[in-house]
Structures are given as structure tokens and as C-alpha cells.
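*Asks:* coords please:
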Amino acid sequence: MLKVLGCVVHEHDLRLVAISAVICVLGCLTTTTLLARAGRRDGRPWLVAAAAVLGCSVWSLHFVAMLAFMPGQEMAYDLGLTALSIVVAVGGALMALLAGKSPATLASRVGVAGVLLGLAIAGMHYVGVAAMTFSGFLIFDHAYVVASVVVSIVFSVVAMARATDLTTTGRRAEVGGWLTLAICGLHFTGMTAITVAPGTAEAAEGTVLGTTGLAFAVGGVSVGLLIASLVATMIERHISLRALQDLGRMRLMSNLAQEVLFIHRDGVVLEVNSAGERLFKASAEDIIGRPVLSLFAKDSAPAMIRRERCSPLERRPEEMDFQAVDGSYVAVELSCQPIDYLGRPATVVALRDLTDRKRDEARIRHLA
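*Replies:* Residues are numbered from 1 along each chain as shown. Sure thing, here's the model as predicted:
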């Protein structure tokens, strides 16, 4: 043991520290997998599941790391505060993830979600620390306490910002990494803030949880995280396979259709059929990935195209003229429909070219 100004400085069992980090990484990766499914229209249960897994990950890392905490004396934990800490973690994570899905502007919802998540991680940690009971006293370095909260909030904001698009495995792994940094950064910076002073404090009143009981509790939660990870991975693989199969059928059907079909999300074209290639006078490779507004002459895109989501009223076909990029005007029947595209909300737009019909109608009126 080391001593600083007469106070005992804590040490850690590095094996348990490594285990806590592995549990945290596993939980964070599972969280991002569940969040990817939460982008669907029926995504609220996935969001709740993601919050539960993330909260349990924070809780498990903290208490495995606390089992690694070695102040040189027997430790126990107040049962009520220990239970409260997991409620803080899960409840705070849910509030943060719900804020991240709010209709506010992107910057606002990312900022609010990141701050809430950072505070939830910090709240769980310091409630967990308050649950410790032993014959000694904790001395806090307030500068490190503040630093730990700042670290957690900063990494949480970055995680929430990057979590706006979880369509690829790489992005999900990246967001999982940022969440891991937020949790581990808070915990170990927070533990650096603690110095253990020897003393003869009275035993805590009420029910306490010994290290053996805590080990079983953490072990149960960790096994639950492992099962959740496996189940989430299996579900993700199944849904992705179904989405790819549906996408293949949709591409086949759309290429056989005479009407123009294209899919867009967040203002970017994701898919277009062969009729769209002919109408927009460009190949699918040139169209996919472009801003959807670039398919139309400046300021001539219909209102339902300019909006990211079409309203229920706009799903009815509507006749209008639009100006193509080359300046020509085309009479079309336009409609849109919200869909799930590879597990995330998108909009499919249908354009039926009415040029021939309008020409025939004009000829009939002329003859009449």
C-alpha cells in the first residue's frame, strides 16, 4: 500500500479491471446493435432494451471495478444504494436515448442526449461509491470529480452525435467505443479522485451486501448482458438478411415498373430504378448518393420532396409539373410512402410520367 499525507491510496486488481472493461465493451456494442433497430417505426421497445443494456453495462463495469478496488480492508455495500445505482443508470440512459430521438434540431437533441447520458453515468458511479461501507473514510479531490463528469459528458456527446447513423457495422463499433470511453473514463477518473483514510467508522445501518453477494449480483447481470448480446446479434443478422432479400425483390419489381421509383433518406438518394435513370438522364451510379434536390431544377422540387418525411395526406397521387435539371418541364403524377430501408426509416417516391397522356388529352380537346 502507498500512503500520501498519511492517507492510504487505493490499488486495483488488474485482472478484475480487465474483466470490467471487457464487460463494458460487450455491453456498449450490444447497445449500438439495439439502437440500430430503434430507428424503425416500431423501434420504441428496442430503445428501451438499449437503455437497459447500456445502464447494466455501466453498473457492471462499476461494481466489477469496485471488486478490484483494494483499500486494504473488508468492504461491504449498502443494498438500498446499490439497487438505486442501477435504477439511476438504466433510467438515465433511457432519458438520454429518448432525448436523442426527439423532434428537436440535430444539434439540440445530440447535445441534450449527450449531457443526460454523461450525467447518468456519473450519477450511477457516485451513488455506487456512496454505497461502500468500511471502517474508513473517503476523501475526494474535487478537481478530479469535476474532471470525471466532464470526461463522461464529452465522450457521451460524441457518441450520441455519431449514433445518428448506425447503418454500418463499422459505425456501430465506433459508437460502442465512444460509449466505452465515456463509462471507463468516468469511472477511473472518478476513482483517481478518491483517497481512503483509515478510521473506525461505525457499521452502516440496514442491509448490506458483502463482496461475495456483490460478485454473484454482478455475475448475473454480466451473464444477462452476454445473452442479450448474443440474442441481439442473431436478431440483427436475421433482420438484415430479410431486409436484403426484400431489397432484392424491390429492385427487381421497380426495374420492371414503368413509373419512376426512388428512395431517399435525410435528403440523399439511396436507390433508383431504370425508369428513373431515363427520366433524370443519368445512370443509377451517378444518381445514388446525390442530394435528392439535385434531381430537379433549382427551387422546382415539389414540396413533398423537399421535406424529409411525407405526411399521410401526401401519400395520395398528385398531378404536377416539375422542371428537370436540363430545364425541360415534365408532367407527372407524384406520390410518396414511408418505408423501412435496411432497418431505418426512409421515403419511397413514385413519379408517373404523364407526358403522353397530356399530349393525347390536348389533341382530343383540339379536335373537339
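*Asks:* What lies in contact with stretch 140-160?
*Replies:* Defining contact as Cβ atoms under 8 Å, 6 or more residues apart in numbering, one finds that stretch 140-160 is touched by 96, 100, 110-111, 113-115, 117-119, 121-122, 125-126, 175, 178-179, 181-183, 185-187, 189-190, 192-195. Where you see a C-beta, it was placed from the backbone N, CA and C, and this is true even at glycine.
*Asks:* Pull out the buried positions in it.
*Replies:* Under the neighbour-count criterion of 16 or more other Cβ atoms under 10 Å, stretch 140-160 has 145, 147-149, 151-160 buried.
*Asks:* okay, now A362: neighbour count?
*Replies:* If you count neighbours by other Cβ atoms under 10 Å, A362 ends up with 10.
*Asks:* just how off-centre is the helix or strand harbouring it within its chain?
*Replies:* A362 belongs to helix 355-367 when assigned by DSSP states H and E. Between the centre of helix 355-367 and the centre of its chain there are 53 Å (Cα atoms, centre = their mean, to the nearest Å).
*Asks:* For it, output the C-alpha coordinates as PDB.
*Replies:* Listed next in PDB are the C-alpha coordinates belonging to helix 355-367 (Å, rounded to 0.1, in the frame of the first residue of the first chain):
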ATOM      1  CA  THR A 355     -46.400  13.500 -70.900                       C
ATOM      2  CA  ASP A 356     -48.100  11.100 -73.400                       C
ATOM      3  CA  ARG A 357     -51.400  11.300 -71.700                       C
ATOM      4  CA  LYS A 358     -51.400  15.100 -71.500                       C
ATOM      5  CA  ARG A 359     -50.500  15.100 -75.300                       C
ATOM      6  CA  ASP A 360     -53.400  12.900 -76.100                       C
ATOM      7  CA  GLU A 361     -55.800  14.900 -73.900                       C
ATOM      8  CA  ALA A 362     -54.600  18.100 -75.700                       C
ATOM      9  CA  ARG A 363     -55.200  16.500 -79.100                       C
ATOM     10  CA  ILE A 364     -58.700  15.400 -78.100                       C
ATOM     11  CA  ARG A 365     -59.600  18.900 -76.900                       C
ATOM     12  CA  HIS A 366     -58.200  20.400 -80.100                       C
ATOM     13  CA  LEU A 367     -60.300  18.100 -82.300                       C
END
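*Asks:* And the contacts of it?
*Replies:* Residues from elsewhere that reach helix 355-367 (Cβ under 8 Å, 6+ apart): 330-331.
*Asks:* Do me a favour and average the pLDDT over that helix.
*Replies:* Average pLDDT, helix 355-367: 73.
*Asks:* swap in stretch 197-215?
*Replies:* pLDDT averaged over stretch 197-215 gives 57.
*Asks:* quick one: L186 and L119 touch, right?
*Replies:* No. With contacts defined as Cβ atoms under 8 Å, L186 does not count as touching L119, sitting 10.1 Å away.
*Asks:* With neighbour numbers in mind, choose between those two.
*Replies:* L186 (28 against 18).
*Asks:* Secondary structure element for V129, which one?
*Replies:* helix 106-130.
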